[in-house]
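[1] Build me a model:
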Amino acid sequence: MRFKTILILIFAAIIVIFSLQNAEITDVKFLFWKISISRVLVILGSFAIGILLGILISQKRKITNYNNN
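    Purely as a prediction, here's the structure:
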């Protein structure tokens, strides 16, 4: 496997282990909403949103570079 793939798998495993060790219920406040939710869901949800945003930004750069050539 490529180095980048191995690094991503190690990082993902660390995030999963970290989130499972923080399984307590916590309050999340956003604007007018307040919800009690497990920290696991907050951590994994934030991680997933970060990955999604990274993919979208990299795709935009690829499309922009393709249109310039």
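
[2] Would you check that Phe18 makes contact with Leu44?
    No: taking contacts as CB atoms under 8 Å, Phe18 lies outside contact range of Leu44: 9.8 Å. All C-beta atoms are positioned from the backbone trio N, CA, C, and that covers glycine.

[3] which ones are touching the residue nearest to the spatial centre of the chain?
    In the chain, the centroid-proximal residue (CA atoms, centre = their mean) is Phe47; its distance is 1.9 Å. By CB atoms under 8 Å, 6 or more residues apart in numbering, the contact set of Phe47 is Ile15, Ser19.

[4] what mean pLDDT would you report for the host helix or strand of Gly54?
    Gly54 belongs to helix 39-68 when assigned by DSSP states H and E. Taken as a whole, helix 39-68 carries a mean pLDDT of 81.

[5] Give me the buried positions along it.
    By neighbour count on 16 or more other CB atoms under 10 Å, the buried set for helix 39-68 is Arg39, Val40, Ile43, Leu44, Phe47.

[6] same deal with stretch 30-39?
    Those would be Arg39, for stretch 30-39 by 16+ other CB under 10 Å.

[7] how far does that stretch stretch from start to finish?
    Stretch 30-39 stretches 15 Å from its first residue to its last (CA to CA, to the nearest Å).

[8] Show residues contacting that stretch.
    Here stretch 30-39 has contacts from Ser19, Asn22, Ala23, Glu24, Ile25, Thr26, Asp27, Val28, using CB under 8 Å, 6+ apart.

[9] Dump these to CSV, plus distance to Thr5.
    Output for those, formatted as CSV (distance: CB to CB, whole Å):
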residue, distance to Thr5
Ser19, 21
Asn22, 27
Ala23, 28
Glu24, 32
Ile25, 35
Thr26, 33
Asp27, 37
Val28, 32
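
[10] Which single one of those residues is nearest to Phe3?
    For those, the residue nearest Phe3 by CB to CB is Ser19; the value is 24.8 Å.
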